[in-house]
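Student: fold the following for me, if possible:
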Amino acid sequence: MKDDYLKYWRVVRYFIKAKYKISEPDLEMLLFLKSERYFTSRNFKEYLELFPWDRKRFNRLLEEEWIVEFPKKKRNRQMYELSFKAKRMLNSVYKKLNGEEFPEAQNNNPLFATNVPYTNKVYRNMIKEINKTTRQQRYHAQ
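Tutor: Predicted structure coming up:
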């Protein structure tokens with residue numbers, strides 16, 4: 001189906017959380033902020049009300065360089081934006097949802113490391129199946 005983007009959302013989310021060592025609420029916050037371009041801490045806190053309580057989230061995302069201060073102050077208010085690191089990670093999310101293959105190399109995908117928990121092995125097997133399906137669809141499209 002052409003617009004079935006969220007079919008593998010669970011697998012994409014698990015992969016992104018493992019690769020970038022980010023929590024699900026933090027990932028969801030960054031997905032929201034992606035369309036905001038520039039935002040204030042007040043904008044951040046408005047959306048934050050929907051999340052499990054974590055009053056350190058803003059400062060942690062700032063310290064971990066998921067968000068950065070925008071150089072120019074606007075009307076005495078400090079503005080923020082997503083960092084290059086966050087934008088790159090979110091682009092990876094959208095690429096995977098749009099059918100880009102998952103890496104299967106251990107150095108690019110922590111789920112393919114040795115001595116991983118059983119759940120990682122289950123997701124690893126699903127990633128192999130998704131990649132196989134993606135390759136077949138690409139082959140038949142040519």
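
Student: the helix or strand of the chain at the bottom of the mean pLDDT ranking: what's the following helix or strand?
Tutor: None of the helices or strands of the chain scores lower by mean pLDDT, DSSP states H and E than helix 41-48, at a mean of 85. Downstream of helix 41-48, the first helix or strand assigned by DSSP states H and E is helix 57-63.

Student: for the following helix or strand past that following helix, name the packing helices and strands.
Tutor: Downstream of helix 57-63, the first helix or strand assigned by DSSP H and E is strand 67-69. Here strand 67-69 touches helix 57-63, strand 80-82, going by 3 or more C-beta pairs under 8 Å, 6 or more residues apart in numbering; DSSP states H and E. In this view, the C-beta of every residue, glycine as well, is placed from N, C-alpha and C.

Student: let's have those in JSON lines, adding mean pLDDT and mean neighbour count.
Tutor: As requested, the helices and strands packed on strand 67-69 are exported to JSON lines (pLDDT from 0 to 100; neighbours: other C-beta atoms under 10 Å):
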{"stretch": "helix 57-63", "mean pLDDT": "93", "mean neighbour count": "15"}
{"stretch": "strand 80-82", "mean pLDDT": "95", "mean neighbour count": "19"}
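
Student: would you turn these into CSV with distance to residue 116?
Tutor: Formatted as CSV, the helices and strands packed on strand 67-69 follow (distance: least, C-beta to C-beta, whole Å):
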stretch, distance to residue 116
helix 57-63, 26
strand 80-82, 29
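
Student: pLDDT weak spots in the protein?
Tutor: Low-confidence segments of the chain (pLDDT under 70): 1-2, 72-75, 141-142.
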